[in-house]
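Student: turn this into a structure:
(chains A and B)
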Amino acid sequence: MAEYKLYYFNAKARAEIIRLIFAAAGQKYEDIRFEREQWPEYKQKAPLGQAPFLEVELNGNTFKLGQSVTIARYVARKFNLAGKGDEEQAEVEMYGDQVSDLLNELVKVHFEKDETRQNELRKKFHEEILPNTLKTLDGKIAHNGSGYLVASGLTWADLFLVNILEWLGDKKEAALANFSNLKSLDEKVRSHPRIAEWLEKRPKTEM
Amino acid sequence: MAEYKLHYFNARGRAEVIRLIFAAAGQKYEDIRFEREQWPEYKLKAPLGQAPFLEITQKGKTFQLGQSMTIARYLARRFGLAGKGPEEEAEVEMYGDQITDILNEIIKIHFEKDEARKAESAKKFFEETLPNILRTLQSKIEKNGSGFLAASGLTWVDLYLVDVLGWLGEKKEHLMANFEHIKALDTKVTNHSKIAEWLAKRPQTPM
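Tutor: This is a model prediction of the structure:
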């Protein structure tokens, strides 16, 4: 029996995909959230000096992992949310990388200090980058018949997609307007009993 | 017997790590390189409309994969270059994500049009970001005793690290002077017979 401890700030941000995977899997874990002032102390424990990081107690050993998407892939594989077989697993990772790219673009927009550039980047994101990726993913869902990104059913890439759609806030509805398959996937995942339970009970944080 | 076709521009860019994996594994593949003008035609074939992409034909079926890191991980697993066991595999992916962070910064700086911002970003990169990551990677190499990033020996992230260090051009030597274990890894990998052979015969391109 492995024991899991997730360490992050009190925020959804880059840790939430991991929490969604634990929720979907019905797997218990310690959801450790520290304040900004405590970070220097936790930073020393983090395998790469970054958050989120995961500690796994396995067979009397402690294994530590950093990098949110690597942690997501690792736990997804452990809990059978990574797809069936090597090829489908790679397909899932491909969609995960697409969503990760979107997330990085959003973060770039968010942290841009120059207002003119920020407006430019935001425009490009919402008019080009986001719709192009959503169009590709919508097409994949339509193509494979399961209602999810891959043929075998729910995987961590679906959770990650739903996670990033949340980041869009009040822009989400407009973004999904032309993508009925994505809209259905989003609704289906959010109403999955274990996910719905998590969305209901998780700490409410701005980011 | 699987057949592999890698599709990319005539450049190292985001495809080179994949080519290094094929080389290290001694695995034949078609190294398809197209000109910029041909891209619109290849874009239609690409699973995500992006390059690089890989086509694998096995048992009469063709499987397509996009996203350079997903392709790298998939091939590394197939060729035994991904690390031993789920924990080491995840650890290796974690270093891969770190190295991608370096590559993304290099690319960001390269394409920055504003001269002042470019200089500022380059300064931060060479004085802070890059040394911090190299310091972390160096201590891992030191700690695990194999001379590589993973305890079990050569994995795809050693190839990736060497690839990305190559992007530093004339700054590389000066930097390596401060990171002896990384320098040793770089030397070991570039002298590995199959890698040395590839480095000697590969097309010479500016990027």
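Student: interface residues of chain A facing chain B?
Tutor: Residues of chain A lying close to chain B by Cβ under 8 Å from any Cβ of the partner chain are A:47-49, A:56, A:58, A:63, A:65-67, A:69-71, A:73-74, A:77-78, A:86-87, A:89-91, A:93-94, A:96-98, A:104, A:132, A:136. Any C-beta I mention is one placed from the backbone N, CA and C, and that applies to glycine too.
Student: which residues sit against the lowest-mean-pLDDT helix or strand in chain B?
Tutor: Here the helix or strand of chain B ranked lowest by mean pLDDT, DSSP states H and E is helix B:171-176, holding a mean of 90. The contact list for helix B:171-176 (Cβ atoms under 8 Å, 6 or more residues apart in numbering or on different chains) reads B:Phe126, B:Leu130, B:Pro131, B:Leu134, B:Leu165, B:Gly166, B:Leu168, B:Ile182, B:Lys183, B:Asp186.
Student: quick one, which of those residues are buried?
Tutor: Among those, the ones that count as buried by 16 or more other Cβ atoms under 10 Å in any protein chain shown are B:Phe126, B:Leu130, B:Leu134, B:Leu165, B:Leu168, B:Ile182, B:Lys183, B:Asp186.
Student: picking up where we left off before, buried among the residues of chain A next to chain B? Make that a PyMOL selection.
Tutor: The following PyMOL line selects those of the residues of chain A next to chain B that are buried, judged by 16+ other Cβ under 10 Å:
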select buried, chain A and resi 47+48+56+63+65+66+67+69+70+71+73+74+77+78+87+89+90+91+93+94+96+97+98+136
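Student: show the contacting residues for B:Ser112.
Tutor: Ser isn't right for residue B:112; it's Glu. Going by Cβ under 8 Å, 6+ apart, the list of residues near B:Glu112 reads B:Lys118, B:Ser121.
Student: where do the strands of chain B begin and end?
Tutor: Along chain B, counting by DSSP state E, strands occupy B:3-9, B:30-34, B:53-58, B:61-66.
Student: mind giving me the domain split of chain B?
Tutor: According to the TED database, chain B comprises the domains B:3-79+B:195-201, B:86-191.
Student: for chain A, what spans make up the helices?
Tutor: For chain A, applying DSSP state H gives helices covering A:16-25, A:39-43, A:68-78, A:85-111, A:115-124, A:130-144, A:156-167, A:172-176, A:180-191, A:193-201.
Student: what's the closest of those helices to B:Pro86?
Tutor: For the helices of chain A, the distance to B:Pro86 is smallest for helix A:68-78, at 6.4 Å, taking Cβ to Cβ.
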